[in-house]
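>>> Sequence plus predicted model, see below.
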Amino acid sequence: MKKEPFVKISGLSYSYTSRPYGIFGKKQVKPVLNQVNFSINRGEIFGLLGESGCGKTTLARCILGLVDYQGEIIVNGKKRGKKPSFTERLQWALEVQAVFQNPGASLNPAKTLGWILEEPLRAHGFNKTDMTYRVDRMLDLVGLDSSYKKRKPWELSSGQKQRVCIASALMPEPALILADEPTSALDVSVGAQILNLFRELNHQLGLTMLFISHNLDIVDYLCDRVAVIQNGSLNDCPPRQFVL
C-alpha cells in the first residue's frame, strides 16, 4: 500500500474581492492561488521559491488557517475543516506553527521571554511545570540559556529575537513549521546562523518544514526539495531537485 505524504496540499485556490474604484467602480474577484498541489514528506525541508507578490505568503496563510480557501490541506493525517470551530482552530495550532520575517514584530515588547514562550501552551491548558520544562528545553535547542527567560525583546539582537521566535514555534511540538522569509530581515552572517540552526533542528527533532523564500541560493542550500510558484501556480524548474 502506498504511504501517504506527511503534508498534502490538493487543489488549493484562493481569490479576494477588490474594493470598487470611484463612484461607478465595480468589485473585482482577483485570483491569488490557482489549483496548487504539492506534498511534503515527514522530516523534510521543502522550499517554496518565488518573487514578491506571487502568492507565497497567501499560501502560508491558507495552511495556517488564517483565510478561507478552496481545496484540501492535510497535515499529519489531520484534515483542516472549511469552517472549523474555536476548539478545532486550537487543535490545528498544535499541528502547524510559523516563523515570520520580522522577529521584532513577532514578540510582545512588554513581556519577558519566558512569558512569551509559554503563551502558545497557555491556551491549551498546559500546567506550569510542563511549560517551564519546555521553555528551558526550547531555549537550549535554539542556542540560548535559561537566563534569557527574564529578558525582554528589546534587550536582544535581531538574531537572538529570531531564535526566540523559533523556540516559540517549537513549544507546542508541532507537526509542521512554516517559515516565511525568516532570514530576509537579518544580516547575511546572522541569517546564515539561523539557516544552520534550522538544519540542526531538522536533524535533532526530525523537523518537517515548509521554507518560503525568494532567494534561490538559500533554498538550494537548506531545502531537500523546492517548488517554484509564479502567479499563483507551481511551475517546472530545470534543476533536478526542483519539483512540481
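Sure, I can see it.

>>> so who does Glu72 touch?
Lys8, Ile9, Ser10, Gly11, Leu12, Lys79 (C-beta atoms under 8 Å, 6 or more residues apart in numbering). To be clear about C-beta, it is placed using only N, CA and C from the backbone, and glycine gets the same treatment.

>>> repeat that for 7 Å
Residues in contact with Glu72, defined by C-beta atoms under 7 Å, 6 or more residues apart in numbering, are Ser10, Gly11, Lys79.

>>> can I assume it sits in a strand?
Yes - counting by DSSP: H, G, I helix; E, B strand; the rest coil, Glu72 is part of a strand.

>>> Let me know the closest of the contacts of Glu72 to Gly71.
The shortest approach to Gly71 among the contacts of Glu72 belongs to Gly11, at 4.0 Å (C-beta to C-beta).

>>> Confirm that the closest one sits in a strand.
Yes - the assignment for Gly11 by three-state DSSP puts it in a strand.

>>> where along the chain do the helices fall?
Secondary structure of the chain (DSSP state H): helices at 56-64, 86-95, 113-122, 128-141, 158-170, 188-205, 216-222.

>>> now for those, which one comes closest to Glu44?
Of the helices of the chain, nearest to Glu44 by C-beta to C-beta is helix 188-205, at 8.5 Å.

>>> Relative to Ile45, how far out is the closest residue to Gln70 other than its chain neighbours?
Distances taken as C-beta to C-beta, 6 or more residues apart in numbering put Ser13 closest to Gln70, at 4.3 Å, once the chain neighbours are dropped. Distance of Ser13 to Ile45, given as C-beta to C-beta, to the nearest Å: 25 Å.

>>> Between those two, tell me which one has more neighbours.
Shown here are Ser13 and Ile45; by other C-beta atoms under 10 Å, Ile45 has more neighbours (22 against 16).

>>> what sits opposite the spatially most central residue of the chain in the beta ladder?
Geometric centre of the chain, nearest residue: Leu178, 1.7 Å, by C-alpha atoms, centre = their mean. On the basis of DSSP bridges, Leu178 is bridged to Ala98, Leu210.

>>> Hmm, Ala60 and it touching each other?
Yes - the pair Leu178 / Ala60 is scored as a contact, 5.4 Å apart, by C-beta atoms under 7 Å.

>>> shared neighbours, these two?
With C-beta under 7 Å, 6+ apart as the test, Leu178 and Ala60 both reach Ala98.

>>> which ones are touching the residue nearest to Arg42 when sequence neighbours are not counted?
Nearest in space to Arg42, with sequence neighbours left out and distances taken as C-beta to C-beta, 6+ apart, is Phe6 at 4.0 Å. Contact analysis of Phe6 by C-beta under 7 Å, 6+ apart lists Ile40, Asn41, Arg42, Asn76, Thr208.
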